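Participant: this one's sequence-less:
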């Protein structure tokens, strides 16, 4: 058994025992809040588990807790980090996180992982890849499992940010797994969006979705070391030239391209300098505050959507009719649109259940 598997097994046993022990204790929203404000990581982890729960009692407790925490939030810097598999996100985040801690910061890492709802893989995987950061008392690492929808991920992650900020973490790193729809969700809840990239042969924009490049506030070409250094430098020039053809950003920031070798701890300082420069500009021109306000409005709409969807599919009349309608749709006896209208009418006219 290799070291990673050994750590994974040990942590799995510890984590399950911890949850069993903690869940037997009745804790009020005020108790959670007081411990979180003290920086109690155990209670922070349990509070996020509460946020992720689909049990009604847990959701009500989580709502009370979030309300307690809101006045103590908004003081962190929220950074989204994305990139294709193999780009070195975990190594970069560990080195970057440890550097920020050396500056006196407290760093929380929230990983959006649609697969973790099945086997909680990223909880253990990320921590075994970020051993130094995971054991630092000024760091906290936690995934947001997807559940049934990516919208649910956004809801959980947004509330997790609130809890982490109330616990005193002043830099929140939100990592996405791979490149896909989750990037748009992360962009909607962060201040700075960082794209990690690898130098390759040919057109450097191939394999990167245009929309993600447009969202990026900064691009970092990782693994710019050894034989890859020259290719990384060429990729940097090509990406910089390409960015000139993109429309100017509303925040008046011109995205930058940096080189980095996380494994050799090179280029990390420059990444933070780039983010700091971005923050100074957007805070001075008012964009930072206006974006945060818009994100809160979007959070309201997403919350309404999630609550309505949950309530809709929990309705007994909907549950008892949806299977029949699905069969009628399969046999082309009913259109999906008509079925949706009928189900919505059943939901609207439901009696108290």
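Facilitator: Thanks, I have the structure now. Small disclaimer: the values here were computed from a predicted structure and weren't measured. Residues are numbered from 1 along each chain as shown.

Participant: buried residues in the helix or strand encompassing residue 241?
Facilitator: According to DSSP states H and E, residue 241 maps onto helix 229-243. Using 16 or more other C-beta atoms under 10 Å as the test for burial, helix 229-243 gives 231, 232, 235, 236, 238, 239, 242, 243. In short, each C-beta sits where N, CA and C put it, glycine included.

Participant: residue 224 versus the fourth one, what's the distance?
Facilitator: The reference is to residue 236. 8 Å (C-beta to C-beta, to the nearest Å).

Participant: quick one: pLDDT of the closest residue to residue 295 other than its chain neighbours?
Facilitator: Once flanking residues are discounted, residue 295 sits nearest to residue 189: 5.9 Å by C-beta to C-beta, 6 or more residues apart in numbering. In this model, residue 189 is scored at 90, pLDDT.

Participant: how near is residue 189 to residue 175?
Facilitator: Distance of residue 189 to residue 175, given as C-beta to C-beta: 13 Å.

Participant: which neighbours do these two share?
Facilitator: Taking C-beta atoms under 8 Å, 6 or more residues apart in numbering as the contact criterion, no residue touches both residue 189 and residue 175.

Participant: give me the more crowded residue out of those two.
Facilitator: residue 175 (26 against 22; other C-beta atoms under 10 Å).

Participant: ok, what's across the strand from the more buried one?
Facilitator: Assessed by DSSP bridges, residue 175 has beta-bridge partners residue 81, residue 111.

Participant: got the contact list for it?
Facilitator: 81, 82, 89, 93, 109, 110, 111, 112, 126.

Participant: quick check: which ranges of the stretch 251-353 of the chain have low pLDDT?
Facilitator: 351-353 (pLDDT under 70).

Participant: in the following helix or strand past the helix holding residue 241, which residues are buried?
Facilitator: On the C-terminal side of helix 229-243, the closest following helix or strand by DSSP H and E is strand 256-259. By 16+ other C-beta under 10 Å, the buried positions in strand 256-259 come out as 256, 257, 258, 259.

Participant: mind checking the longest helix of the protein?
Facilitator: helix 287-314 (DSSP state H).

Participant: ok now that helix, how far from the chain's centre?
Facilitator: Taking C-alpha atoms, centre = their mean, to the nearest Å, the mean C-alpha location of helix 287-314 is offset from the chain mean by 15 Å.

Participant: what does the helix or strand following that helix contact?
Facilitator: Sequence order places helix 316-330 as the next helix or strand after helix 287-314, per DSSP H and E. Residues from elsewhere that reach helix 316-330, judged by C-beta under 8 Å, 6+ apart: 312-313, 334-336, 339, 342-343, 346-347, 349-350, 353.

Participant: again, but for stretch 287-301
Facilitator: By C-beta under 8 Å, 6+ apart, the surrounding residues in contact with stretch 287-301 are 74, 158, 188, 189, 191, 250, 251, 252, 279, 282, 283.

Participant: ok, now with 7 Å
Facilitator: Contact with stretch 287-301 is made by 158, 188, 189, 191, 250, 251, 279, 282, as judged by C-beta atoms under 7 Å, 6 or more residues apart in numbering.

Participant: likewise stretch 226-241?
Facilitator: Here stretch 226-241 makes contact (C-beta under 7 Å, 6+ apart) with 199, 204, 219, 221, 224, 257, 259.

Participant: off-centre distance for it?
Facilitator: Its chain's average C-alpha position is 29 Å from that of stretch 226-241, according to C-alpha atoms, centre = their mean.

Participant: cool, stretch 234-244 as well?
Facilitator: Chain-centre distance of stretch 234-244: 28 Å, with C-alpha atoms, centre = their mean.

Participant: do the same with stretch 32-47
Facilitator: 20 Å.
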